[in-house]
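>>> mind looking at a prediction? Sequence and model below.
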Amino acid sequence: MRDVRELLLRNGKEKTFRHVSQVAEVCRELAVRFGLDPELCEIGGLLHDISAVIAPADMMGYAVEQGFELCVAERKYPFLLHQRISAVVAEEFFGIDEQTVLSAIGCHTTLKANPTRADMLLFIADKIAWDQEGVPPFSDEVNRGLEVSLERACYEYMRYMNDNGKVLCPHPNWTMAFGYLCGQV
């Protein structure tokens, strides 16, 4: 936690530090509730936006340099790369080798096809720990979904975003995850 705090604050990312701290707390609470490892989930929450110290334009350069296969959505909105690059930073600079954590970090914005429970937990915790002013507009739907399952909560969030035109450019992982969730709920 201290290393995450130090890196983010040293790079002027106080708001990001507050957000990841809140996400980590929600991850821990949801992990207990849904029978996942609270410590691993909390680590994912703390590191999910660690690449915020890198400008989106630099993320694109890094992704191209590293040979990432880029989709149309990532080319159009390079900030979408932050999830994948955060997983790299978590592994290479923070020494995280737990694949469950790295997978969840790597898809926390878009989710992915056949997501694990840990993937869904971080995805929805990131949305619950809203980094904007006020209450998230999808809060009621997501909370009702959580009363049923992680799958239902993720579905409700994604449905809300799709139905309200909030998806800027559908990422293939988003589309596959939503299709998967539609078959689960």
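Good, I have the coordinates.
>>> helix, strand or coil: sort out Val148 for me.
Classification of Val148 using DSSP: H, G, I helix; E, B strand; the rest coil returns coil.
>>> give the contact list for the residue lying closest to it once chain neighbours are set aside.
Take Val148 and drop its neighbours on the chain: the residue closest to it by C-beta to C-beta, 6 or more residues apart in numbering is Val185, 7.7 Å away. From N, CA and C alone the C-beta is placed, and that goes for glycine too. Contacts here follow C-beta atoms under 8 Å, 6 or more residues apart in numbering; on that basis Val185 touches 148-149, 151-152, 155.
>>> and Tyr155, what does it touch?
Tyr155 sits next to 145, 178, 181-182, 184-185 when contact means C-beta under 8 Å, 6+ apart.
>>> from those residues, which would you call buried?
Listed as buried from these are 145, 178, 181; burial here means 16 or more other C-beta atoms under 10 Å.
>>> of the contacts of Val185, buried ones?
Among the contacts of Val185, those classed as buried by 16+ other C-beta under 10 Å are 151-152, 155.
>>> what is the nearest of those residues to Leu122?
Leu122 has its nearest neighbour among the buried ones among the contacts of Val185 in Glu151, at 14.1 Å by C-beta to C-beta.
>>> which residues touch that closest one?
Counting by C-beta under 8 Å, 6+ apart, Glu151 touches 120, 181, 184-185.
>>> next one: the longest helix along the chain to chain centre, how far?
Counting by DSSP state H, the longest helix found in the chain is helix 14-34. Put simply, helix 14-34 sits 11 Å off its chain's centre (C-alpha atoms, centre = their mean, to the nearest Å).
>>> what's the first helix or strand after that helix?
Remark: after helix 14-34, the chain's next helix or strand is helix 38-47, criterion DSSP states H and E.
>>> what about that next one, average pLDDT?
Here helix 38-47 scores 98 as its mean pLDDT.
>>> show me what counts as buried in it.
Neighbour counts over helix 38-47 (16+ other C-beta under 10 Å) mark 40-47 as buried.
>>> tell me which residues in stretch 67-86 are buried?
With the criterion 16+ other C-beta under 10 Å, stretch 67-86 contains buried residues 68, 70-71, 73-74, 78-86.
>>> let me fix that: stretch 58-69
The neighbour-count check on stretch 58-69 (16+ other C-beta under 10 Å) flags 59-60, 62-63, 68 as buried.
>>> quick one: Ser139 from Asp49, how far?
According to C-beta to C-beta, to the nearest Å, Ser139 and Asp49 sit 20 Å apart.
>>> of the two, who's got more company?
Asp49 (25 against 15; other C-beta atoms under 10 Å).
>>> thought that one was touching Ser21?
No - between Asp49 and Ser21 there is no contact under C-beta atoms under 8 Å: 10.7 Å.
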